[in-house]
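S.K.: starting from these lines, generate the structure:
(2 chains)
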Amino acid sequence: AQKVTQTQTSISVVEKTTVTMDCVYETRDSSYFLFWYKQTASGEIVFLIRQDSYKKENATVGHYSLNFQKPKSSIGLIITATQIEDSAVYFCAMRGMNYNQGKLIFGQGTKLSIKP
Amino acid sequence: DPKIIQKPKYLVAVTGSEKILICEQYLGHNAMYWYRQSAKKPLEFMFSYSYQKLMDNQTASSRFQPQSSKKNHLDLQITALKPDDSATYFCASSQDEDTANSDYTFGSGTRLLVI
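M.R.: Numbers count the residues shown, from 1 in each chain, chains lettered A, B, ... in the order given. Got it, this is the predicted structure:
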């Protein structure tokens, strides 16, 4: 069975700094996809970035980037130049390639607080 | 304009009653899902539908029944409500259920409180 684990319950950093959030996963699929989502204080859940397991290059979108370490089954999210509005809960998720593994499995989430 | 509409936004129900949570998506997606979020299990997968057919069901209780009257609708009927059913229920959609690299778009959720 697939499993996603985020051990950091909460993180607090000062605005304009860089923060890294950890995520490890378990899967038997040879190919899979890893996602990060953000849930704002209003409850809205928004897709941020995706990493394809067969790509060696780390994905980057705006000030979000990933640190994909396949041998360690790890996919960290890096946010550079953080802003107050980045305060939210961040979820790591994965989805396998097999037909019956199509659902998106989420980690427990990490609450990020950005202080001025 | 919201691309996935969930109604109602808030719902208070009495133990033992029945409620229907509404979800409509206007993204032209072929797959729809229900997730439940509570303090105990954040973003727990419940159901997936593709072209109005049930593809996966991870909900142990038959009290939870998805209903798809149209391709862009996936409602969730909950019967014999229990206080443990209190949670926020999110509807989501993606282009296709078997396209593993497609991300999900989530609705704003229905917050259910069972008293």
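S.K.: tell me where chain A has strands.
M.R.: A:3-5, A:10-14, A:19-21, A:24-26, A:32-39, A:45-52, A:60-61, A:64-69, A:74-79, A:88-96, A:105-106, A:110-115 (DSSP state E).
S.K.: redo these as a markdown table? Include mean neighbour count, mean pLDDT and distance to B:Gly107.
M.R.: No exception for glycine: its C-beta is placed from N, CA and C like everyone else's. Conversion of the strands of chain A to a markdown table gives the following (neighbours: other Cβ atoms under 10 Å in any protein chain shown; pLDDT from 0 to 100; distance: least, Cβ to Cβ, whole Å):
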| stretch | mean neighbour count | mean pLDDT | distance to B:Gly107 |
| --- | --- | --- | --- |
| strand A:3-5 | 16 | 95 | 22 |
| strand A:10-14 | 13 | 97 | 26 |
| strand A:19-21 | 18 | 98 | 25 |
| strand A:24-26 | 16 | 96 | 25 |
| strand A:32-39 | 23 | 95 | 13 |
| strand A:45-52 | 19 | 96 | 9 |
| strand A:60-61 | 12 | 96 | 23 |
| strand A:64-69 | 18 | 98 | 23 |
| strand A:74-79 | 21 | 98 | 23 |
| strand A:88-96 | 24 | 94 | 16 |
| strand A:105-106 | 22 | 94 | 16 |
| strand A:110-115 | 17 | 97 | 22 |
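S.K.: I'd like these as JSON lines, with distance to chain B appended.
M.R.: Formatted as JSON lines, the entries for these read as follows, by distance: least, Cβ to the nearest Cβ, whole Å:
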{"stretch": "strand A:3-5", "distance to chain B": "10"}
{"stretch": "strand A:10-14", "distance to chain B": "13"}
{"stretch": "strand A:19-21", "distance to chain B": "15"}
{"stretch": "strand A:24-26", "distance to chain B": "14"}
{"stretch": "strand A:32-39", "distance to chain B": "5"}
{"stretch": "strand A:45-52", "distance to chain B": "4"}
{"stretch": "strand A:60-61", "distance to chain B": "11"}
{"stretch": "strand A:64-69", "distance to chain B": "13"}
{"stretch": "strand A:74-79", "distance to chain B": "14"}
{"stretch": "strand A:88-96", "distance to chain B": "5"}
{"stretch": "strand A:105-106", "distance to chain B": "4"}
{"stretch": "strand A:110-115", "distance to chain B": "11"}
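S.K.: and these as TSV, adding distance to B:Phe64?
M.R.: What follows is the strands of chain A, written out as TSV (distance: least, Cβ to Cβ, whole Å):
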stretch	distance to B:Phe64
strand A:3-5	23
strand A:10-14	31
strand A:19-21	32
strand A:24-26	27
strand A:32-39	22
strand A:45-52	20
strand A:60-61	35
strand A:64-69	34
strand A:74-79	31
strand A:88-96	22
strand A:105-106	19
strand A:110-115	28
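S.K.: cheers, nothing more for now.
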